[in-house]
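Enquirer: I'd like to go over a predicted model; first the sequence, then the structure.
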There are 2 protein chains.
Amino acid sequence: MKVLIVDDDRTLADVIAFTFKREGFEVILAEDGELAYQKWETEHPDLIILDVNIPKEDGFSICKRIREQSDTPIILLTVRSDEEDILGGFQLGADDYITKPFSPRQLMARVRAVLRRSKKKNPTTVRQVGNISLNLNRHELSFDNQQPIQLSGLELRLMDCLMINAGQIVTSEIIIDHVWGPQGGDMDMVRQLVHRLRLKVEKDSQAAINNVPGLGYELIYKK
Amino acid sequence: MKVLIVDDDRTLADVIAFTFKREGFEVILAEDGELAYQKWETEHPDLIILDVNIPKEDGFSICKRIREQSDTPIILLTVRSDEEDILGGFQLGADDYITKPFSPRQLMARVRAVLRRSKKKNPTTVRQVGNISLNLNRHELSFDNQQPIQLSGLELRLMDCLMINAGQIVTSEIIIDHVWGPQGGDMDMVRQLVHRLRLKVEKDSQAAINNVPGLGYELIYKK
DNA sequence: GAAAATTGTCACAACTTTGTCACACCCCCA
DNA sequence: TGGGGGTGTGACAAAGTTGTGACAATTTTC
């Protein structure tokens, strides 16, 4: 397995590199944002250890750029910092973060957790459930190949979540995770989004989003 | 989804509980190690938030005991402490840890990550007694695989209790404990709930809830 | 930079569930 | 026969959950 370590603190980078090598990883180093992005492009690492404060282009920006194109696991390194930075990292697509100082053992524990968690997803372009078609690229929903309805970003995610779990009651926890990911959300947000999606889904009674009190929502569709 | 929150700091526990409820979780509280273990046994939470420093039996010990019997995800809460404690927690089977103080948002971000990582399938739990099927996930009651009847939260618990003890007379003490737990209940509440469940159970004379004066209730069903 | 679209927050309406209380009904005993 | 205890039923208030709309905040588009 390949790991890309991005840190301008050469001593620290070497310590981390040594730790990874000892665990059998192949290590690639970069000391600034530009080089990091270039190395990612050419080396295709399985994991990126990315310091937030690096020259030329900061870690957050790199994280975002890479995440837009790939689901390579990314662990951010930060100094003890305020929470906005950390949550911002999650929003930009980071998988975990570690605050300095930290020990090699702790780093490896987190690395294992992240790698265990990371899955290569098969990008599905069009999801089909009964009479419902969801085009994930075009953000379009249609019934029996009728006129497509445009969905917003979050509406698309919710519909996707409901279709993946079609015929089952989906708890709000699963919805929040699927739609909002690590930054999370709350019941108000779920409710509002369900309301909006319902207006589109139930427009011609082609399908419905049903609530089971105390449990969650279920997609009702025609077979 | 159910979360068990274990912390003797009642204020903090309430804040955490509020955060989880807002995210749609069902919350169970315990303020010491003994109660925590008991709650884990009876409530089968999907996640445990476990403070390390709690009375009666410390968090590490509880973590270990639970991990030996289950893969329920466990997040440890610690004061800023040395690394040995943290890694010790991982070794005892914790899935993550959070150092106090922390914000609700950070907590939920970690919860999300842990739950995503935990590949616990949601097995459909169906209790079967004679002609009666009780789907504990969907809160549905059905007879001979006929059209399901939706049950409310408490109705489901009562039905579950009666089915577990099918063919026996269940005292109101057992019912109260099973349905309402430690907060308890009274005979009025039992009577009203039995009345409501009876309306659903006895609708087509497929089953019955029988009272034995002075003793309790018994589920009558077809073999 | 402005306009449009989307998302989040909040208030309140609407609906469902639960708890409380009153009273009816039944059985048993003095 | 009257009273007490136990159980069943219904009404309604209280509590909890979900739906809806308005508008502010944020993001996206041109």
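Expert: Received, thanks.

Enquirer: how about the residues of chain A by chain B?
Expert: A:83, A:86-87, A:90, A:95-96, A:103, A:105-106, A:109, A:113, A:116-117, A:169, A:171-173, A:176-177, A:181-187, A:190, A:212-216 (CB under 8 Å from any CB of the partner chain). For glycine as for every other residue, the C-beta is placed from the backbone atoms N, C-alpha and C.

Enquirer: how about the helix or strand hosting residue A:50 as PDB, C-alpha atoms only?
Expert: Per DSSP states H and E, residue A:50 falls inside strand A:47-51. Below are the C-alpha coordinates for strand A:47-51, written out as PDB (Å, rounded to 0.1, in the frame of the first residue of the first chain):
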ATOM      1  CA  LEU A  47      -3.900   7.000   1.700                       C
ATOM      2  CA  ILE A  48      -3.000  10.700   2.200                       C
ATOM      3  CA  ILE A  49      -1.600  12.100   5.400                       C
ATOM      4  CA  LEU A  50      -2.100  15.800   4.900                       C
ATOM      5  CA  ASP A  51      -0.900  18.700   7.100                       C
END
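
Enquirer: packing partners of it?
Expert: strand A:2-6, helix A:33-43, helix A:59-69, strand A:74-79, helix A:104-117 (3 or more CB pairs under 8 Å, 6 or more residues apart in numbering or on different chains; DSSP states H and E).

Enquirer: Throw these into JSON lines and include mean pLDDT and distance to DNA strand C, thanks.
Expert: What follows is the helices and strands packed on strand A:47-51, written out as JSON lines (pLDDT from 0 to 100; distance: least, CB to the nearest atom of the strand, whole Å):
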{"stretch": "strand A:2-6", "mean pLDDT": "90", "distance to DNA strand C": "29"}
{"stretch": "helix A:33-43", "mean pLDDT": "84", "distance to DNA strand C": "25"}
{"stretch": "helix A:59-69", "mean pLDDT": "78", "distance to DNA strand C": "16"}
{"stretch": "strand A:74-79", "mean pLDDT": "84", "distance to DNA strand C": "21"}
{"stretch": "helix A:104-117", "mean pLDDT": "75", "distance to DNA strand C": "23"}
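
Enquirer: residues touching residue A:133, list them.
Expert: Neighbouring residues of residue A:133 by CB atoms under 8 Å, 6 or more residues apart in numbering or on different chains: A:126-127, A:141-143, A:145.

Enquirer: now it: phi and psi?
Expert: Dihedral angles of residue A:133 (phi, psi; degrees, to the nearest 10) stand at phi -120, psi 130.

Enquirer: which residues does it bridge with?
Expert: Following DSSP bridges, residue A:133 is listed with bridge partners residue A:128, residue A:142.

Enquirer: state the pLDDT value of it.
Expert: For residue A:133, the pLDDT comes out at 90.

Enquirer: what do you get for residue A:122?
Expert: Residue A:122 is assigned a pLDDT of 39 by the prediction.

Enquirer: and residue A:80, by the same measure?
Expert: At residue A:80, the model reports a pLDDT of 58.

Enquirer: also the one 4 residues further on?
Expert: The predicted local confidence for residue A:84 comes out at a pLDDT of 60.

Enquirer: for residue A:219, same thing?
Expert: 95.

Enquirer: what number of residues lie near it?
Expert: As a burial measure, residue A:219 scores 24 neighbours (other CB atoms under 10 Å in any protein chain shown).

Enquirer: that one touches residue A:202, doesn't it?
Expert: No - between residue A:219 and residue A:202 there is no contact, the gap being 10.9 Å when judged by CB atoms under 8 Å.

Enquirer: how about the residues of chain A by DNA strand D?
Expert: Contact residues, chain A versus DNA strand D (CB under 7 Å from any atom of the strand): A:187-188, A:191-192, A:194-195, A:198, A:211-216.

Enquirer: any part of stretch A:160-179 near DNA strand C?
Expert: No - contact of stretch A:160-179 with DNA strand C (CB under 7 Å from any atom of the strand) is absent, the minimum separation being 7.9 Å.

Enquirer: for that stretch, what is the distance to the chain centroid?
Expert: When C-alpha coordinates are averaged (CA atoms, centre = their mean, to the nearest Å), stretch A:160-179 and its chain have centres 16 Å apart.

Enquirer: which other residues reach it?
Expert: A:127, A:129-130, A:132, A:134, A:136, A:154, A:157-158, A:184-187, A:189-190, A:193, A:209, A:212, A:215-219, A:221, B:1, B:23-25, B:112, B:115-116, B:137-138.

Enquirer: restricted to helices, list those residues.
Expert: A:154, A:157-158, A:187, A:189-190, A:193, B:112, B:115-116 (DSSP state H).

Enquirer: most neighbours of all those residues, which one?
Expert: Going by other CB under 10 Å, residue A:158 tops these with 25 neighbours.

Enquirer: ok, that residue - contacts?
Expert: Taking CB under 8 Å, 6+ apart as the criterion, residue A:158 is in contact with A:175, A:178-179, A:193-194, A:197.

Enquirer: buried among the residues of chain A next to chain B? Make that a PyMOL selection.
Expert: A single PyMOL command selects the buried members of the residues of chain A next to chain B (16 or more other CB atoms under 10 Å in any protein chain shown):
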select buried, chain A and resi 86+87+90+95+96+109+113+117+169+171+172+173+176+177+181+182+184+185+186+190+215+216
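
Enquirer: hang on, the earlier thing: now, which of the residues of chain A next to DNA strand D lie close to DNA strand C?
Expert: A:188, A:191-192, A:213-214.

Enquirer: pull the most distant pair out of those residues.
Expert: A:192 and A:214 (19.5 Å; CB to CB).

Enquirer: name the nearest residue to the residue in chain A that DNA strand D sits nearest to, sequence neighbours excluded.
Expert: In chain A, the residue that lies nearest DNA strand D is residue A:211 (3.5 Å; CB to the nearest atom of the strand). Distances taken as CB to CB, 6 or more residues apart in numbering or on different chains put residue A:217 closest to residue A:211, at 5.6 Å, once the chain neighbours are dropped.

Enquirer: same thing with residue A:9?
Expert: residue A:51 (7.4 Å).

Enquirer: and that neighbour, what does it touch?
Expert: Taking CB under 8 Å, 6+ apart, we find residue A:51 in contact with A:6-9, A:59, A:76-78.

Enquirer: now with 6 Å, please.
Expert: Neighbouring residues of residue A:51 by CB atoms under 6 Å, 6 or more residues apart in numbering or on different chains: A:6-7, A:59, A:77.
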